[in-house]
Structures are given as structure tokens and as C-alpha cells.
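K.L.:
My questions concern the predicted model and sequence given below.
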Amino acid sequence: MIRIRRSSERGHADHGWLDTFHTFSFADYYDPAHQEFRALRVINEDRVAPGQGFGMHGHKDMEIVTIVLEGALEHKDSLGNGEILRPGEFQRMSAGSGIRHSEFNPSETEPVHLYQIWLQPERKGIAPSYEQKAIPNDEQLNALRLVASPNAENGSLFIHQNARLYLSKLEAGHSVTHAIAKGRAAWVQTLRGSLELNGQKLNTGDGAAIENESELVLKAAPNAEVLLFDLA
């Protein structure tokens, strides 16, 4: 069964410095029908104005994954980490027992376009940690590249949850296939472009919850950049 969450149906807020879309209930946006999906708690698409960002604030017991599509995002946290995240790079922060961080757009002229994803961890009270990795473009091209997993396999980010995140950049005429083990589910989020998911059309910003399916076929229509979550 595939249930499509259209981009236009998401929660939306424009704060001037921040233009944000929420797939699931978040902050002032509440939708009882869309609060989470398995361990997946937040999928936010954000555009942050030049020189603006999220000041130092705290989190606990959440796995937070961030990907930048355009621009750059400067990260600082209470563990002493300070990095700039750019397109082609993924950031993972395990909030665990508690961490404070800030995320700012360091550019004076260009906005930053990003996705931030929260997954519930397998247990509470994990020691907080942070990592950032670049994913070569050729490893994503017309393939499903593992970017986060519970055992950091194939150079992926380590997450404290039985979930696997894949990224793919599909060119026109290309497709990828993903098998779903019995009892597991998937979520597909179209970052850019459009694709066909088992024959159903998804456009930019659209997502889809998948249960009781054994295989997914993602075909570019005509091109697409997509995140796939394989969830327990």
C-alpha cells in the first residue's frame, strides 16, 4: 500500500527569515493524521535567508540528519563541533542525553535550502555525538547510495535506530529497485524533480508512506533526486 503525501498538503510557515514545510506535525503545525511514520518523526524542508538561522537551542533523544540542497549551513554545538555543511554532504547529530546547537546561513547574499530529518532513537539517554560526511556524486547517480544506517556500513553515517537512508539522483530514463523485507516499511521523499514510484507520480516535495509492499521501483520522470527510508 502506498499513501502519497503531496507537497501542497504539508504544513507551511513563512517567518520571513525562514520559509518551512512540515511533512509531519511540528512546532505550531498540528495534523493528527500526520504525526510520524514508524521511527520517522520529522521531515522539514527549510529555506533560510542570508545571515539568518536557528540560534543555540537544545534537543534530547532524537537522531537528526541534515542535507543541504543549495547554499551552505554553519553548525556549532555544545560538544565543540563547528562545521559548514554544503551540497553533497550529510550531517548526523545524536541528541541523546542532551545537546545544544545552532545552525546558521553564513552567506550574506545567498539563501540556504535544506532538509532536516528526525528519527526516534532505539533507546533514550545515548551519549550525544556528531558526524558529517561527503557523499560523492557518482555514487548517488542512478543508484541507491546508503547514507545512514545502524552499523555505518559502506561508509554511511551511524544512526541509533534500525533504519537505513538512501539517496539517489536519477537521470531521465533510469530507474532503481529496492526490496523491502517482510514486516518493514519505507518512506520516499522527492527532494527535486519528479519520478514514478511503482507507477505512481511524485513531484518535488511529495512524499509517500509504503507498507505491505515487497519491492519499490523508482523511475525518473524525467529526472529526480530522492531520499528513501527503509524502516523497521
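P.N.:
Sure, I can see it.

K.L.:
What's the mean pLDDT across the longest strand along the chain?
P.N.:
In the chain, assigned by DSSP state E, the strand with the most residues is strand 215-231. Across strand 215-231, the average pLDDT comes to 97.

K.L.:
Could you name the helices and strands sitting against it?
P.N.:
Helices and strands touching strand 215-231, by 3 or more C-beta pairs under 8 Å, 6 or more residues apart in numbering; DSSP states H and E, are strand 163-170, strand 175-179, strand 185-197. Placement of C-beta: from N, CA and C, glycine included.

K.L.:
how about the nearest residue to residue 187, chain neighbours excluded?
P.N.:
Using C-beta to C-beta, 6 or more residues apart in numbering and skipping the chain neighbours, the partner closest in space to residue 187 is residue 229 (4.3 Å).

K.L.:
The nearest residue to residue 145 once chain neighbours are set aside: what secondary structure?
P.N.:
Nearest residue to residue 145, sequence neighbours excluded (C-beta to C-beta, 6+ apart): residue 139, at 4.8 Å. Put simply, residue 139 is helix when judged by DSSP: H, G, I helix; E, B strand; the rest coil.

K.L.:
what stretches of this protein score poorly on pLDDT?
P.N.:
By pLDDT under 70, the chain has no low-scoring segment.

K.L.:
for the residue sitting nearest the centre point of it, what are its contacts?
P.N.:
Centroid check for the chain by C-alpha atoms, centre = their mean gives residue 117 as the closest residue, at 4.2 Å. Shown in contact with residue 117 (C-beta atoms under 8 Å, 6 or more residues apart in numbering): 40, 42-44, 64-67, 165, 227.

K.L.:
Swap in 7 Å and give it another go.
P.N.:
By C-beta atoms under 7 Å, 6 or more residues apart in numbering, the contact list for residue 117 reads 42-43, 65.

K.L.:
my read: residue 70 touches residue 87, true?
P.N.:
Yes: Residue 70 is in contact with residue 87 according to C-beta atoms under 7 Å; the separation is 6.5 Å.

K.L.:
The residue lying closest to residue 63 once chain neighbours are set aside bridge partners, please.
P.N.:
What sits nearest to residue 63 in space, not counting adjacent residues and going by C-beta to C-beta, 6+ apart, is residue 119, at 4.3 Å. With DSSP bridges as the criterion, residue 119 is bridged to residue 40, residue 63.
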